[in-house]
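Peer 1: sequence plus the predicted model coming up.
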Amino acid sequence: MEPALETIGLTYRYGDREAVCRLDLRVGRGEVFGFVGPNGAGKTTTIKLLLGLLTPAAGSVRVLGRALADDRPGVLRRVGTLVETPALYGHLTAEENLDIQRVAFGVARHRVAAALDETGLGPVAGRRVRHLSLGMRQRLGLAMALLHEPELLVLDEPANGLDPAGIVDLRTLLWRLAAQRGVTVFLSSHILAELEQTVSRLAVIRDGRLRYQGTLDELRRAHPGGLRITADDPARAAEVLHAEGHAVTRAEDGSLRLAVTSVDEAARLNARLVHAGLAVHELRLSTPSLEDIYLRLMADAGEVGR
């Protein structure tokens, strides 16, 4: 099946500086896809290119099977967007803001109430926007993105201003849209712990260049966790682990440290040590979070500490 979103060699320059450099992205239909990178990495510029708000210096964008350059208005009618801060009329109510959007898109009146309910704004539908909290305004921006029942959602920091309950509500909504309606979600966020619980695949960029693209499992396998082993004979245990193909270091307290890719591998190594007649006193596996791996990637690239 053709991807919901695809870029080939996408490039954009601000003067002599390449903000996005030969970016190849591929987002499958019906998936929740994360887009990650430090400030200034080119995330928002990329999103603006995906929506035709900027014209690329080179490369192409395909959205829902069509070249964006061929029919931008037609393509974008099938896309819902929330980029940076939503543009709202503060003197109007939440419902009135949505009604203006409804008329612009030519969708049925009932969609206003549905979008308010989906985003938890039903109880404040009649409240003027200038009296809404930042989190409620963000929810309203999401409601506007959902109003015309898009096939693709492009969201830039949608959890901005949301409290913990609101973030959980957002995650549940995105899962439901993907699983039940087949909506594709392209989600840019700095909240890595939340992305880890929400997305199925992700891309990491730095300085406008793709650093990683794939599943979370593939990323974790590329950055394995650490296994700490304490045994009654560390020297003999190290020999057994070396024979299994593992590089082992010995800490000052006598414990052994090595990299493993899964809990199953740790269990297998434990069984191998016991089979060799060694008493294993402690086996502790630490699995890196998405945040840990992201910081490793950025540190390797010289980003951390700037």
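Peer 2: Looks like it arrived, so ask away.
Peer 1: can you show me the helices along the protein?
Peer 2: 43-50, 72-76, 94-105, 110-118, 134-146, 164-181, 192-198, 216-222, 234-243, 263-275, 290-300 (DSSP state H).
Peer 1: and stretch 11-18, which residues are buried?
Peer 2: 11, 12, 18 (16 or more other Cβ atoms under 10 Å). From N, CA and C alone the C-beta is placed, and that goes for glycine too.
Peer 1: ok, residues contacting that stretch?
Peer 2: 19-23, 42, 45-46, 49, 54, 56-59, 208 (Cβ atoms under 8 Å, 6 or more residues apart in numbering).
Peer 1: report the central residue of the protein.
Peer 2: Closest residue to the average C-alpha location of the chain: residue 34 at 2.1 Å, with Cα atoms, centre = their mean.
Peer 1: beta partners for it?
Peer 2: residue 187, residue 202 (DSSP bridges).
Peer 1: how close does it sit to residue 296?
Peer 2: Note on residue 34: its distance to residue 296, by Cβ to Cβ, to the nearest Å, is 17 Å.
Peer 1: is it true that residue 136 touches residue 124?
Peer 2: Yes. Between residue 136 and residue 124 there is a contact under Cβ atoms under 8 Å: 6.3 Å.
Peer 1: need the overlap of contacts for these two.
Peer 2: residue 94.
Peer 1: redo the helices of the chain as a markdown table? Include mean neighbour count.
Peer 2: As requested, those are arranged in a markdown table below (neighbours: other Cβ atoms under 10 Å):
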| stretch | mean neighbour count |
| --- | --- |
| helix 43-50 | 22 |
| helix 72-76 | 15 |
| helix 94-105 | 18 |
| helix 110-118 | 18 |
| helix 134-146 | 22 |
| helix 164-181 | 15 |
| helix 192-198 | 17 |
| helix 216-222 | 15 |
| helix 234-243 | 16 |
| helix 263-275 | 15 |
| helix 290-300 | 17 |
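Peer 1: nearest to residue 85, out of those?
Peer 2: helix 134-146 (7.7 Å; Cβ to Cβ).
Peer 1: pull the residues that contact that closest one.
Peer 2: 80-82, 85-86, 88, 94, 97-98, 101, 115-116, 118-121, 124, 129, 132, 153, 155, 158-163, 166, 170, 173, 177.
Peer 1: for residue 222, give me its contacts.
Peer 2: residue 212.
Peer 1: per-residue confidence at it?
Peer 2: On the pLDDT scale, residue 222 is placed at 81.
Peer 1: please report how far the closest residue to residue 86 other than its chain neighbours lies from residue 170.
Peer 2: For residue 86, ignoring the flanking residues on the chain, the nearest one in space by Cβ to Cβ, 6 or more residues apart in numbering is residue 141 at 2.8 Å. Here the distance between residue 141 and residue 170 works out to 12 Å (Cβ to Cβ).
Peer 1: tell me which of the helices of the chain lies nearest to residue 283.
Peer 2: helix 263-275 (5.3 Å).
Peer 1: what mean pLDDT does that closest one have?
Peer 2: 92.
Peer 1: just the angle for that helix relative to helix 234-243, thanks.
Peer 2: 130 degrees (axes from the mean of the first three to the mean of the last three Cα atoms, to 10 degrees).
Peer 1: just the C-alphas of helix 263-275, formatted as PDB.
Peer 2: Extracted in PDB, the C-alpha atoms of helix 263-275 (Å, rounded to 0.1, in the frame of the first residue of the first chain):
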ATOM      1  CA  VAL A 263      15.100 -10.000  28.600                       C
ATOM      2  CA  ASP A 264      15.300 -13.400  26.900                       C
ATOM      3  CA  GLU A 265      19.000 -12.900  26.200                       C
ATOM      4  CA  ALA A 266      19.600 -12.000  29.800                       C
ATOM      5  CA  ALA A 267      17.700 -15.200  30.900                       C
ATOM      6  CA  ARG A 268      19.700 -17.300  28.500                       C
ATOM      7  CA  LEU A 269      23.000 -16.000  29.800                       C
ATOM      8  CA  ASN A 270      21.900 -16.600  33.400                       C
ATOM      9  CA  ALA A 271      21.100 -20.200  32.500                       C
ATOM     10  CA  ARG A 272      24.500 -20.600  30.800                       C
ATOM     11  CA  LEU A 273      26.300 -19.400  33.900                       C
ATOM     12  CA  VAL A 274      24.400 -21.700  36.200                       C
ATOM     13  CA  HIS A 275      25.000 -24.600  33.800                       C
END
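Peer 1: now for it, which elements pack on it?
Peer 2: If you count contacts as 3 or more Cβ pairs under 8 Å, 6 or more residues apart in numbering; DSSP states H and E, helix 263-275 packs onto strand 225-231, helix 234-243, strand 280-286.
Peer 1: quick one: strands adjacent to the first one?
Peer 2: In the sheet containing strand 225-231, the strands it pairs with under DSSP bridges are strand 256-260 (antiparallel), strand 280-286 (antiparallel).
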